[in-house]
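*Asks:* with the sequence up front, the predicted model follows.
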Amino acid sequence: MCLRPNVCADSVRQIRTPLSLDTGRTWQLITILAYDRGMSDSVNLQTVHRRKLAAVRREVAPGAVGSAWRPALDKVWEFIRSNPGLRTDGHNIFLYHHPTKPGAPIQCDFGVEVTRTFEPAGEVYAAGDGPA
């Protein structure tokens, strides 16, 4: 399947960037299609509705998200399983709060979409007004 002449699906990779919050408190979902044949990147911006999250926050060194997310998310899932009706078919969602200083740790909220608000317990808190 080709998206443009001479640009077929096997030469295209999709990159989903973290969600960002603009100054109007609206979350933006950014999708970038990167073409391996030296073509320009294509950016797709969408305005989305906010979701409620149960999350655990971690301070993570740049490049270390891959080893930090699972233990944090395990705590969230343990909490969700102990609170019936808190989740239906929610998604795992990671929020990245990038530092202003290069190389500084990143504040990461590792969370799961939930159906309602709840009282925090241990490290799990309600990350209200989260992304879509």
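*Replies:* Noted; the coordinates are in hand.

*Asks:* give the contact list for the residue lying closest to residue 111 once chain neighbours are set aside.
*Replies:* Using Cβ to Cβ, 6 or more residues apart in numbering and skipping residues adjacent in sequence, the residue nearest residue 111 is residue 55, 3.1 Å away. C-beta here means a position set from N, CA and C on the backbone, and glycine is covered the same way. By Cβ atoms under 8 Å, 6 or more residues apart in numbering, residue 55 lies in contact with 76, 95, 109, 110, 111, 112, 124, 125, 126, 127, 130.

*Asks:* hmm, 7 Å instead?
*Replies:* 76, 109, 110, 111, 125, 127 (Cβ atoms under 7 Å, 6 or more residues apart in numbering).

*Asks:* quick one: the helices in the chain?
*Replies:* 65-81 (DSSP state H).

*Asks:* what stretches of it score poorly on pLDDT?
*Replies:* Along the chain, segments meeting pLDDT under 70 span 1-41, 128-132.

*Asks:* all good on my end, thank you.
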